[in-house]
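S.K.: please find the sequence and the predicted model below.
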Amino acid sequence: MITNFFIPKLNNHDVQELWFQQDGGTCHTAHATIDLLKDTFGDHLISRFGPVNWPPRSCDLTPLDYFLRGCVKSLVYADKPQTLDHLEDNICRVIADIRPQMLEKVIENWASRLDYIRASRGSPMPEIIFKM
């Protein structure tokens, strides 16, 4: 997936300015995967065993986990794609349609989560309302 789809799509972008973030899933953190991502993103890799280590079990603090994956998944599968081409088209369309304003809201929400964690000294976040 990374070598055949993701990295070729990056050829149209200046990866020097991009950050790549992923969770600590075993398949994501295999030595071959991390080495490939380090070669592509250098120090701009946020991942378990990457240059910037991602804290384990931090779904309350991971914008990808608490918002983006669910939002993207629901939109990608809204019309129930039946082929890989249809699925790929949906993924590309949904990602391209993400607006800076939405990401700004996600970052504002993330900042409030960090403030809560600091104030509560790391306790769980049951009071945080998960909405965008």
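M.R.: Structure received.

S.K.: now do the helices in this structure.
M.R.: Secondary structure of the chain (DSSP state H): helices at 7-10, 31-41, 63, 69-76, 84-96, 100-120.

S.K.: what's the closest of those to Asp23?
M.R.: Closest approach to Asp23 among the helices of the chain is made by helix 69-76 (9.2 Å; CB to CB). In short, each C-beta sits where N, CA and C put it, glycine included.

S.K.: contacts made by the closest one with the rest, please.
M.R.: With contact meaning CB atoms under 8 Å, 6 or more residues apart in numbering, helix 69-76 is reached by 87, 90-91, 94-95, 97-98, 132.

S.K.: what pLDDT, on average, does it get?
M.R.: Per-residue pLDDT over helix 69-76 has a mean of 89.

S.K.: ditto for stretch 39-57
M.R.: Stretch 39-57 comes out at a mean pLDDT of 80.

S.K.: show me how far that stretch is from its chain's centre.
M.R.: Offset of stretch 39-57 from its chain centre (CA atoms, centre = their mean, to the nearest Å): 12 Å.

S.K.: what's the helix or strand of the chain with the lowest mean pLDDT packed up against?
M.R.: Scoring the helices and strands of the chain by mean pLDDT, DSSP states H and E places helix 63 at the bottom, with a mean of 76. Secondary-structure packing of helix 63 (3 or more CB pairs under 8 Å, 6 or more residues apart in numbering; DSSP states H and E): helix 100-120.
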